[in-house]
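Colleague: how does the following fold in three dimensions:
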Amino acid sequence: MIKDMIHKGRVSVNGMICRDPGMHVKDSDSVAVDGAQTEGKRYLYYIFDKPDGVLTAMEDKRLPTVADYIPQELKGLKLSPVGRLDYHTTGLLLITNDGEMSHRLTSPKYAIPKTYLIEYEGKGQLGPAEAEELSKGLTLTDKEEETKLRPAILNNISENVCTITLTEGKTHEIRRIISHFGLQVKKLRRISLGPITLDDGKSGRLMELDKDQIAALRRATGLV
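Modeller: Sure thing, here's the model as predicted:
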């Protein structure tokens, strides 16, 4: 970790050893690790595997937030989550300071697919009829005004477990879809966002994207 390297005196800024992990570094500053010059990164991209009971927010006086999982040395770099996951929804959040990337990933205009793993309960199961209905675009009637959804893809995994892939992000969309079919969501987890897929078993971890993942995101959002 960067913090450990700083504490060991391995990092220098403009020729001076850096001892403060919270030090603000400008684009014009010269940064070296073990004497070797580093290339500064204008934008940072991380995957966060959001646990249950965490707010998709950077600040809250009462409840744990995504910001609680960001190391101190990264705070102050204008990182924020892309889009939202409900308080009890777990899984993939992209955290970045790239505003244009964030906009394109959340804008319906770019139709970036988002896949959710759903465990549901109730009388009955989702099957081919429900999948066909979803593929044509549901009209939800659970509120005063009807809500027309874009076509979505339903895949059954096992009994009472499925995935749904959306290209938009209306409020509580997955839960409302499941409710439309007379069922209730028991567990909900986002497992992919565009070309980025979340590995299992890493709840609460913040992981930096590699160059290939960043390039794939840029292609998916038309930033290349």
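
Colleague: can you mark which positions in stretch 176-193 are buried?
Modeller: 176-181, 183, 185, 188-193 (16 or more other Cβ atoms under 10 Å). The way it works is simple: take the backbone N, C-alpha and C, and place the C-beta from them, glycine included.

Colleague: where does pLDDT dip in the chain?
Modeller: 1, 26-28, 37-41, 201 (pLDDT under 70).

Colleague: hmm, back to that, show only the entries of the buried residues of stretch 176-193 found in helices.
Modeller: R176, I177, I178, S179, H180 (DSSP state H).

Colleague: and which of the residues you listed is nearest to P151?
Modeller: I177 (12.0 Å; Cβ to Cβ).

Colleague: residue contacts, that closest one?
Modeller: By Cβ atoms under 8 Å, 6 or more residues apart in numbering, I177 lies in contact with L134, L138, L140, L149, A152, I164.

Colleague: now E59
Modeller: T65, A67.

Colleague: and what about it, helix, strand or coil?
Modeller: coil (DSSP: H, G, I helix; E, B strand; the rest coil).

Colleague: spatially central residue in the protein, please.
Modeller: What sits nearest the mean C-alpha location of the chain, by Cα atoms, centre = their mean, is L93, with 1.5 Å.

Colleague: from H7, how far out is that one?
Modeller: Using Cβ to Cβ, to the nearest Å, L93 is found at 29 Å from H7.

Colleague: ok, L217 next?
Modeller: In terms of Cβ to Cβ, L217 sits 32 Å off from H7.

Colleague: who has more neighbours out of these two?
Modeller: L217 (24 against 13; other Cβ atoms under 10 Å).

Colleague: need the phi and psi values for that one.
Modeller: phi -60, psi -40 (degrees, to the nearest 10).

Colleague: just T163 next, same as before
Modeller: Dihedral angles (degrees, to the nearest 10) for T163: phi -120, psi 150.

Colleague: beta partners of it?
Modeller: Residues in a beta bridge with T163, per DSSP bridges, are L117, N155.

Colleague: correct me, but it touches L134?
Modeller: No: in this structure T163 lies outside contact range of L134 using Cβ atoms under 8 Å: 11.4 Å.

Colleague: need the overlap of contacts for these two.
Modeller: Common neighbours of T163 and L134 (Cβ under 8 Å, 6+ apart) are I153, L154.

Colleague: neighbour-wise, which of the two wins?
Modeller: L134 (22 against 16).

Colleague: pretty sure the more buried one contacts A152?
Modeller: Yes: at 4.7 Å, L134 and A152 qualify as touching, with contact defined as Cβ under 8 Å.

Colleague: mind listing the shared neighbours of the two?
Modeller: Joint contacts of L134 and A152 (Cβ under 8 Å, 6+ apart) are I164, I177.
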